[in-house]
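Novice: sequence and computational prediction follow.
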Amino acid sequence: MQIVGIDKVKPGDVLGKSLFNKKSELLLSSGFELTDEMILLMKSKGIRFVYVMNELTKDIAPEEVITTTVRQIANQKMAETFANVENNLAFETFGSENIKKRLEENRKLKKIVNMPAVRKVVGQVLEDIVERQTMMFSGLQMKSTDGADYEHAVDTTVLAVLISRQFRYDYNEMKQLGAAAIVHDIGKMAFRELRQKPITDLTADERMIIREHPIYSKIILESSDPEAFVEQAVVMQHHEMENGRGYPQGLKGFGRPPTKDRGKDTGFIHRHAEILAVANAYDNLITGSFDGTVYAPDQAITMIVNGQAGTWNPFVVSALVKVVQCYPVGTTVRVKDNASKSFVGYKGVVAKENTDDQTKPTLILTHNSMGAQITPKLVEFTTERYMSIELDM
């Protein structure tokens with residue numbers, strides 16, 4: 001199977017994996033020969049990548065971070081959760097103090113978020129990750145703008161959990177982090193109109209209101225689960241930065257790995273929040289939520305490492321680099337350069353990842369440096385002294 005960018009999908013291509021809408025209802029079934037109408041439907045849903053079956057890649061099996069079944073369950077529960085908040089709290093954009101007052105009033109009336117149900121979903125995600133021994137996060141996520149909010153919540157949770165495993169988090173710590181991660185943006189659901197606007201179209205006032213969403217998320221969570229003090233702190237702090245220039249409190253980082261032995265986080269960013277912040281920043285970059293531009297996985301990683309997308313705990317950033325697959329199995333890449341100068345400019349499909357160095361995978365080469373199709377050739381690049389590749393999707 002091959003992962004293909006939606007703009008390169010052609011009528012007659014065979015869909016490799018079924019697609020579902022935000023209600024987890026079947027949109028298109030695998031095995032169908034795609035038509036112009038089907039491709040337009042996928043584009044209208046904001047789907048950027050799909051799995052396609054062909055003879056060339058019949059033996060390639062791209063691995064998903066969590067199973068389709070678990071993802072559907074998580075997506076459906078978070079879609080319901082977000083819709084409940086939106087339906088009960090959605091209001092027009094006005095002063096942040098008035099917004100806080102209204103949220104305070106609402107939290108006295110009802111529990112908007114069913115946290116036991118949310119924690120159950122997080123538990124299913126964790127069990128799936130642990131059972132399948134998932135260690136890597138496929139940087140190229142099969143998302144749609146149709147379900148951007150809840151898919152962001154689920155993917156950020158999965159990535160945060162995988163990062164936490166690098167620091168030997170135990171099951172209860174991962175579940176606590178996961179519960180905070182999956183509802184970290186719940187406060188944004190009150191702003192239906194603002195969320196429908198491209199980020200580049202927001203006014204200065206609207207941007208300031210959106211920046212308050214960690215506070216709104218904390219207030220909503222506090223109402224729904226008063227005893228969840230850690231989760232409340234983590235949700236509140238997921239935009240705080242290592243250098244103290246984040247928001248809403250301007251807290252600084254602890255300057256050490258996010259492990260239990262570093263001591264209390266009083267006065268500093270909570271260690272779970274340091275992990276969530278990096279996972280959130282990465283997903284925002286690859287989905288266009290950061291500045292309106294959709295960045296490739298390797299570009300997003302580079303921006304985070306170089307501090308172009310915020311200043312985060314360097315130990316967490318290093319862990320992110322280890323767990324994100326920038327060139328997942330099934331993607332098409334171009335060989336930019338290598339030590340032997342072999343096949344420079346050629347394009348091919350990643351057949352096998354290299355866990356020691358992602359830039360040196362095993363490829364099925366399909367096109368030469370002039371762009372002409374060639375007889376498929378399996379080449380292993382693991383012995384190259386250095387190599388540079390890029391996605392060609």
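Specialist: That came in fine, so what should we check first?

Novice: now residue 375: phi and psi?
Specialist: Phi and psi for residue 375, reported as degrees, to the nearest 10, are phi -60, psi 120.

Novice: distance check, residue 173 against residue 167.
Specialist: 9 Å (C-beta to C-beta, to the nearest Å). No exception for glycine: its C-beta is placed from N, CA and C like everyone else's.

Novice: and the two? which has more neighbours close in?
Specialist: Ranked by neighbour count (other C-beta atoms under 10 Å), residue 173 and residue 167 place residue 173 first, with 19 against 16.

Novice: packing partners for the strand or helix carrying that one?
Specialist: Residue 173 belongs to helix 171-182 when elements are defined using DSSP states H and E. Under the contact definition 3 or more C-beta pairs under 8 Å, 6 or more residues apart in numbering; DSSP states H and E, helix 171-182 sits against helix 115-131, helix 148-165, helix 229-236, helix 271-287.

Novice: and the ones you listed as JSON lines, adding mean pLDDT and distance to residue 29?
Specialist: Output for the helices and strands packed on helix 171-182, formatted as JSON lines (pLDDT from 0 to 100; distance: least, C-beta to C-beta, whole Å):
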{"stretch": "helix 115-131", "mean pLDDT": "95", "distance to residue 29": "23"}
{"stretch": "helix 148-165", "mean pLDDT": "93", "distance to residue 29": "20"}
{"stretch": "helix 229-236", "mean pLDDT": "95", "distance to residue 29": "38"}
{"stretch": "helix 271-287", "mean pLDDT": "95", "distance to residue 29": "26"}
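
Novice: for residue 14, find the nearest of the ones you listed.
Specialist: helix 148-165 (24.5 Å; C-beta to C-beta).

Novice: by contact count, what packs against the closest one?
Specialist: For helix 148-165, the packing partners by 3+ C-beta pairs under 8 Å, 6+ apart come out as helix 68-89, helix 115-131, strand 137-138, helix 171-182, helix 271-287, helix 314-323.

Novice: of these, which approaches residue 46 most closely?
Specialist: Of all the helices and strands packed on helix 148-165, helix 271-287 comes closest under C-beta to C-beta, at 9.8 Å.

Novice: quick check: next helix or strand after the closest one?
Specialist: Following helix 271-287 in sequence order, the next helix or strand is helix 297-305 (DSSP H and E).

Novice: now do that following helix against helix 314-323, angle only.
Specialist: In terms of direction (axes from the mean of the first three to the mean of the last three C-alpha atoms, to 10 degrees), helix 297-305 departs from helix 314-323 by 170 degrees.

Novice: mean confidence score for helix 297-305?
Specialist: For helix 297-305, the mean per-residue pLDDT is 94.

Novice: what sits up against that helix?
Specialist: By C-beta atoms under 8 Å, 6 or more residues apart in numbering, the residues outside helix 297-305 that reach it are 139-140, 278, 281-282, 285-286, 295, 308-310, 312, 317, 320-321, 324-327, 390-391.

Novice: which parts of that helix are buried?
Specialist: Buried residues in helix 297-305, defined by neighbour count with 16 or more other C-beta atoms under 10 Å: 297-304.

Novice: if we can go back for a sec, how about JSON lines for the helices and strands packed on helix 171-182, with mean neighbour count added?
Specialist: JSON lines is the format used below for the helices and strands packed on helix 171-182 (neighbours: other C-beta atoms under 10 Å):
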{"stretch": "helix 115-131", "mean neighbour count": "17"}
{"stretch": "helix 148-165", "mean neighbour count": "24"}
{"stretch": "helix 229-236", "mean neighbour count": "22"}
{"stretch": "helix 271-287", "mean neighbour count": "26"}
